[in-house]
Structures are given as C-alpha cells and as structure tokens.
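Novice: fold the following, please.
(one chain, ligands or ions: 3)
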Amino acid sequence: MSFRAPILRATKGGASSKISKLTAKSTTPIRHQRFFASAIPPVTQDATGSKGPTAMVFMNMGGPSTTAEVGDFLSRLFADADLIPLGRLQNYIGPLISARRTPKIMKQYAAIGGGSPIRKWSEYQAAEMCKLLDKMSPETAPHKPYVAFRYANPLTEDMYQRLFDDGFGKGRGGRAVAFTQYPQYSCSTTGSSLNELWKWRQRLEGKSEPTVAGFANDGTISWSVIDRWPVHPGLADAIAQNVEAQLASYPEEKRKDVVLLFSAHSLPMSVVNRGDPYPAEVAATVYSVMQRLKFSNPYRLVWQSQVGPSAWLGAQTSDTVENYVKKGQTDLILIPVAFTSDHIETLYELDEEVIGESGHKDTIKRSESLNGSPVFIQALADIAKEHLDSGMACSKQMGLRCPGCTSERCAESKKFFAGQRWQSAAQLGKLS
Ligand SMILES: C=CC1=C(C)c2cc3[nH]c(cc4nc(cc5[nH]c(cc1n2)c(C)c5CCC(=O)O)C(CCC(=O)O)=C4C)c(C)c3C=C
Ligand code: FES
Ligand SMILES: [Fe+2]
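Specialist: Ligands and ions are numbered 1, 2, ... in the order given. Predicted coordinates:
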C-alpha cells in the first residue's frame, strides 16, 4: 500500500478517523514515513510559539482519603488481575477477601489520622512541578496537572473526563504525558496503571492508532509515558538529603556506623520469577543513593508489606530489624525507597509497628518520605523536561514484556503506548 499526499494533508477532526485507520495499517518503511511526517504540521502553534497545553498526569495507586473509603479502595485493589491474579474466580474471591480485610485496614488508616495523605501530596507535587515546567519548557507550556489513581479517587476515568472538560481530545487532539509516580517499574504497579489508562483510552476515545505524522490526527489525545526513573540523580539527591538529615540526629561518634536499611514494598516470588523488572530497579535506586552518600555507612535493601501466605521477596524489613537488634545493632535508619509520599506502609507499618514495637525507638529511626521536598519536585520537573525534549513515546524497556508474561492486556497496552509517536519541541520546530 502506498500513501498519497491528499490523505496525509487531512487536519484534525471527525473525518480524519478514516485516515488514521489507513495510515495505521500502513507497512510503509520508516524512512518514507519521515518524509510524509514532514508533509503536515502535526500540532498547531500559538502566537507565543508554544505547542502547549500539555497535560501532565501523575499515576499512582492512591489510597483512601477517609476511613469510609477503605472498603472501595480494597475492593478495587483485589479486583485488579494485574496486581492479584485470581483467575476466573476474581469477581467472587476478590470481594470476599477485601470485605474480610476492610476492618483491619480501616483501623490502620484511623491510626495515621483517618486516611492516606497520598492525594494531598500527589496534587501538590503535580501542581508545583507544572509551575517549574512552565518556566523550563515554555515551548510546551502551559503544563496542566492531573492525578489518576488506580484504586482511589480520582480514578483514571475521572481524570480522562477532566481532560475532556479542559479541552483535550473529542476532536481537539492535544498531548498528555502519563508520568508514573512509582520510580521503579513493576507490572503490578505502573504496568497496572498503564493497562487501566489504555482500557479507558479505548473506551472513551475508540481504537485510534498512531499516525505517521507523530500525533494522532483524528482529534484524540496523543499520549507519551514516563514509565520509570529509578536512577535519576535528582531522585538520589532528594532521598540522600533526607538520610543525611536523619543521620545528623545521631551523636557524631556513632554516625558513621548507623546501618541504613532501604525498605521497599515486597513482591510475591511468582511475580519476581515471571521476570518483573522492579527488584533490579529498586536495587539500582539504592546503589545510586549510596553513591551520592559516598558509601558513608553500611547498608542493606530489605522488603516490607507482604500480604497473604505465598512466598514473597525477602529479607523482610520487620525480621531484619529484629535480627539486627538481636545482634546488638540498634542504630538503624529505615529509608522508604519505592514510594514518593507517606502511606500506611511508612506511617503505620514502619513507624508504629517496626519501630514502635522494636524497644529502641530512640535509635531506630526513619528518614522522611519525599512528600513536599523541593529537591524532589525539581527532580520531577527535570525528568519531565528530559522526556518532553526526548521525543520518545516511552522508554526502550517498556516495549519488552516479562519473559513469563501471558497477559493479553500487557501485550495490547504495551503495543499501544510504544506505538504512540511523540516528537520533541525541537523536532516539531524542524517539521513545521
Ligand atoms: C512500589 C510499591 C508497591 C508494590 C510493588 C506493590 C505490590 C503489591 N502490593 C500487593 C498487595 C497490596 N498492597 C496494598 C497496599 C499498598 N501497596 C503499596 C505499594 C506497592 N504495592 C502501597 C503504597 C500500599 C498502601 C496504600 C496506602 O495508601 O497506604 C494492599 C492493601 C493493604 C492491605 O490489605 O494490606 C494490598 C493487598 C501485591 C499483591 C503486590 C504485588 C503483586
Ligand atoms: S507481566 Fe510483565 S509484561 Fe506482562
Ligand atoms: Fe502493595
């Protein structure tokens, strides 16, 4: 099949959906696609030269903002086959397990102030990052902050509706960046959020395909993805600063011998053995923080929050603390390394259970979560700026499925996101 110029000159809007179908089926070699891509201006440019607005969508699992939301949060979580695969019985067993766990988890949220602070922090971080980006990347400004949670409000479908309300999609095109707030990629976390985003994209915008022009020219939203950032220097710096602040609270003569325990949410061994990238990426984060700290202290990476009777990746954080205390090592700092804000995992499990029950509350401490750290928010802006400049739809890694993956959802959603053509402002400048 060959392309004809009139087809490619079509502009955004209703009639062009036929065109995108034609272009999508194309087997035209890339070098020819580049030629045709230059034949149409892919996005409009306003009088200031900006190709914005750009929607910056923070994706995370979310948490219940009040104890009354715990039931819904858990029922969505146990219905997610990317996180907890229960096969054909998912719709029966999921609600049973979540109903049974709800009272216990409600108590934990009550103990940390009546809800998870993740929404407050995510909205703050996204808004502050967008303010920085407007200055750092005027060519894609204004940047508009959105939050999409997998199991709590605002859900992915709510975020999508807000995009429509704000003028994206529905024949008007526009671009959006799905920015995972999990620094390290797991198919059970970022993978699940992307599968959900892809599902709603199909439901709400139809099955449009990327076009040779780089942007969907059928009026749908063009998505690109920041899918991981485990060793970004800004992340390492932000974590390291919080560790240094906590180290400073120990007497000087003891400081260099405090053991640093980096703690990340564990994974079931079935997920590890499927080839999930998360354990290696978490280890990479830990190493980059230690490099930034110039290996000033001994350290270990340990794993927390396992649920249920199956085998999970260890050593477990709680066992590790107990074992070190038994060995006489009572100067320890716990460092959350896989969440960007506080959760029950930090405020309840680490603070109340692991540290609270250790018998050494004065010498076993926790470094602060990233929350409102200005260094961290600058890091988010740097990561976003690098992505916007890169012209990449997603990382190279995103296209590769786990060796043991049998999920059709993964196959389809990865194909979709890796196939989105995304061009940097610089590339667009050359084209238009
Ligand atoms: C990087 C972070 C996380 C990974 C990886 C992860 C994997 C994972 N989790 C479960 C099961 C549950 N997780 C639950 C809560 C929960 N999980 C994370 C983060 C990761 N999970 C957080 C931050 C939270 C708490 C949210 C908050 O607001 O506090 C729960 C619910 C709580 C409970 O019932 O104990 C479950 C269940 C699996 C099975 C899994 C990997 C496959
Ligand atoms: S489970 Fe990892 S790609 Fe599907
Ligand atoms: Fe979890």
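Novice: alpha carbons only for contacts and neighbour counts from here, please
Specialist: Will do.
Novice: remind me which residues of the stretch 1-150 of the chain are low pLDDT?
Specialist: 1-50 (pLDDT under 70).
Novice: show me where it has its strands.
Specialist: For the stretch 1-150 of the chain, the strands defined by DSSP state E, counting those that start in this stretch cover 54-60, 143-149.
Novice: all helices for the stretch 101-250 of the chain, in order.
Specialist: For the stretch 101-250 of the chain, applying DSSP state H, counting those that start in this stretch gives helices covering 118-136, 156-165, 190-205, 233-247.
Novice: quick one: neighbours of the closest residue to residue 349 other than its chain neighbours, just the number.
Specialist: In space, and not counting its chain neighbours, residue 349 is closest to residue 305: 7.7 Å by C-alpha to C-alpha, 6 or more residues apart in numbering. A count of nearby residues for residue 305, using other C-alpha atoms under 10 Å, gives 19.
Novice: just the pLDDT for residue 305.
Specialist: For residue 305, the pLDDT comes out at 91.
Novice: distance of residue 372 relative to residue 128?
Specialist: 9 Å (C-alpha to C-alpha, to the nearest Å).
Novice: out of the two, which sits in the busier spot?
Specialist: Neighbour count, other C-alpha under 10 Å: between residue 372 and residue 128, residue 128 has more, with 18 against 15.
Novice: contact residues of the stretch 251-400 of the chain facing ligand 2?
Specialist: Within reach of ligand 2 by C-alpha under 6 Å from any ligand atom, the stretch 251-400 of the chain has these residues: residue 276.
Novice: which residue ranges of the stretch 251-400 of the chain form helices?
Specialist: Under DSSP H, counting those that start in this stretch, the stretch 251-400 of the chain gives helices at 252-255, 269-274, 278-292, 317-326, 344, 374-390.
Novice: and the residue nearest to residue 186 when sequence neighbours are not counted, how many residues sit next to it?
Specialist: Once flanking residues are discounted, residue 186 sits nearest to residue 278: 4.8 Å by C-alpha to C-alpha, 6+ apart. The number of residues packed near residue 278 is 24, by other C-alpha under 10 Å.
Novice: from residue 72, how far out is residue 278?
Specialist: Distance, residue 278 to residue 72, by C-alpha to C-alpha: 27 Å.
Novice: kindly report the same for residue 122.
Specialist: 20 Å.
Novice: can you tell me which residues contact the most centrally placed residue in the chain?
Specialist: Nearest residue to the geometric centre of the chain (C-alpha atoms, centre = their mean): residue 180, 1.8 Å. Residues near residue 180 by C-alpha atoms under 8 Å, 6 or more residues apart in numbering: 58, 59, 60, 190, 225, 226, 227, 228.
Novice: count the residues that sit near the last one.
Specialist: What it means is residue 228. 23.
Novice: may I have the beta-bridge partners of residue 312?
Specialist: Note on residue 312: beta-bridge partners by DSSP bridges are residue 268.
Novice: pretty sure residue 369 contacts residue 338?
Specialist: No - judged on C-alpha atoms under 8 Å, residue 369 makes no contact with residue 338 at a distance of 9.8 Å.
Novice: thinking again about what came up before, more neighbours, residue 122 and residue 72?
Specialist: With neighbours defined as other C-alpha under 10 Å, residue 122 and residue 72 compare such that residue 122 has more, 25 against 18.
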